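Asker: can't give you the sequence, but here's the structure:
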């Protein structure tokens, strides 16, 4: 149980275009979704926290106009990278809190974004 | 100050040997949780083990055990009888408090290489 489905798993886009990444909670309601970014061989850095029906809270240094997060329902949160540039190329992964304390969190499978 | 510190960028171990991955943390919240995740090259985050700040005993899950030393603020992961499939990046992470909107904070990770 507690599965988050993340799509696409990888995407290549041209510089200047926008890319949308979706995370769906399949068998539970995700009130809160966390979005992380990970560069190769580096840590997962929290970008923002999204709550269903309200505006996302962005971490310091993350451009909210560039990384648009929408959490319109309890089962869907989206991250849109607008006007993507090569430096936005990264691995993006979402995570949701689950009730079972021992697991605590469930993660999407991640999206590898390459901007050319 | 870093909340989670993993001082070993890389570790090498032979099959069937035990290995310890270090993790120290910093928090003033009396209630927190510590997690270890495995991230293979595919990018998925695989939950390994959890330790709550009030847990009296060290957590164990199969070949994984967590050496929790609260006074030293350390939460080292011990993998017994290493297998080739254990080669991956390992992250220590912390949740401060119990609120639903609390994201995990990750360390920089340790790359484990298991050889035959």
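Answerer: That came through fine. Fair warning: this is a prediction, and the values are worked out from it, not measured in the lab. Numbering: from 1, shown residues only, chains lettered A, B, ... in the order given.

Asker: Quick one: low-confidence residue ranges for chain B.
Answerer: Along chain B, segments meeting pLDDT under 70 are nowhere present.

Asker: can you pull out the strands in it?
Answerer: With strands called from DSSP state E, chain B shows them at B:4-5, B:10-14, B:19-21, B:24-25, B:32-39, B:46-52, B:60-61, B:64-69, B:74-79, B:88-96, B:105-106, B:110-115.

Asker: Distance to residue A:38 and mean neighbour count added to those, as JSON lines?
Answerer: The C-beta positions use only the backbone N, C-alpha and C, and glycine is treated the same way. Below are those laid out as JSON lines (distance: least, CB to CB, whole Å; neighbours: other CB atoms under 10 Å in any protein chain shown):
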{"stretch": "strand B:4-5", "distance to residue A:38": "15", "mean neighbour count": "20"}
{"stretch": "strand B:10-14", "distance to residue A:38": "17", "mean neighbour count": "13"}
{"stretch": "strand B:19-21", "distance to residue A:38": "18", "mean neighbour count": "18"}
{"stretch": "strand B:24-25", "distance to residue A:38": "20", "mean neighbour count": "20"}
{"stretch": "strand B:32-39", "distance to residue A:38": "9", "mean neighbour count": "23"}
{"stretch": "strand B:46-52", "distance to residue A:38": "15", "mean neighbour count": "19"}
{"stretch": "strand B:60-61", "distance to residue A:38": "24", "mean neighbour count": "12"}
{"stretch": "strand B:64-69", "distance to residue A:38": "22", "mean neighbour count": "18"}
{"stretch": "strand B:74-79", "distance to residue A:38": "20", "mean neighbour count": "22"}
{"stretch": "strand B:88-96", "distance to residue A:38": "10", "mean neighbour count": "23"}
{"stretch": "strand B:105-106", "distance to residue A:38": "9", "mean neighbour count": "22"}
{"stretch": "strand B:110-115", "distance to residue A:38": "14", "mean neighbour count": "17"}
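
Asker: Quick check: which of those strands is nearest to residue A:56?
Answerer: Proximity to residue A:56 (CB to CB) singles out strand B:105-106 among the strands of chain B, at 17.9 Å.

Asker: Other residues contacting the closest one?
Answerer: Contact with strand B:105-106 is made by A:43-46, B:3-4, B:91-96, as judged by CB atoms under 8 Å, 6 or more residues apart in numbering or on different chains.

Asker: Show me which residues of chain A are close to chain B?
Answerer: Selection of chain A residues close to chain B by CB under 8 Å from any CB of the partner chain yields A:31-32, A:34, A:38, A:41-46, A:49, A:51, A:91, A:93, A:95, A:97, A:101-105, A:107, A:109-110, A:112.

Asker: Give me the subset of these that lies in strands.
Answerer: When the residues of chain A next to chain B are checked against strands (DSSP E), the matches are A:32, A:34, A:38, A:44-46, A:49, A:51, A:91, A:93, A:95, A:97, A:105, A:107, A:112.

Asker: Return the member of the residues you listed nearest to residue A:8.
Answerer: The shortest gap between residue A:8 and any of these belongs to residue A:112, at 8.9 Å (CB to CB).

Asker: Now do the same contact list for the closest one.
Answerer: When contacts are counted by CB under 8 Å, 6+ apart, residue A:112 touches A:9-11, A:91, B:43.

Asker: rerun that using 6 Å as the cut-off
Answerer: Residues near residue A:112 by CB atoms under 6 Å, 6 or more residues apart in numbering or on different chains: A:10, A:91.

Asker: Which pLDDT does the model give it?
Answerer: Confidence at residue A:112, expressed as pLDDT, is 97.

Asker: ok, what's across the strand from it?
Answerer: Taking DSSP bridges as the rule, residue A:112 bridges to residue A:10, residue A:91.
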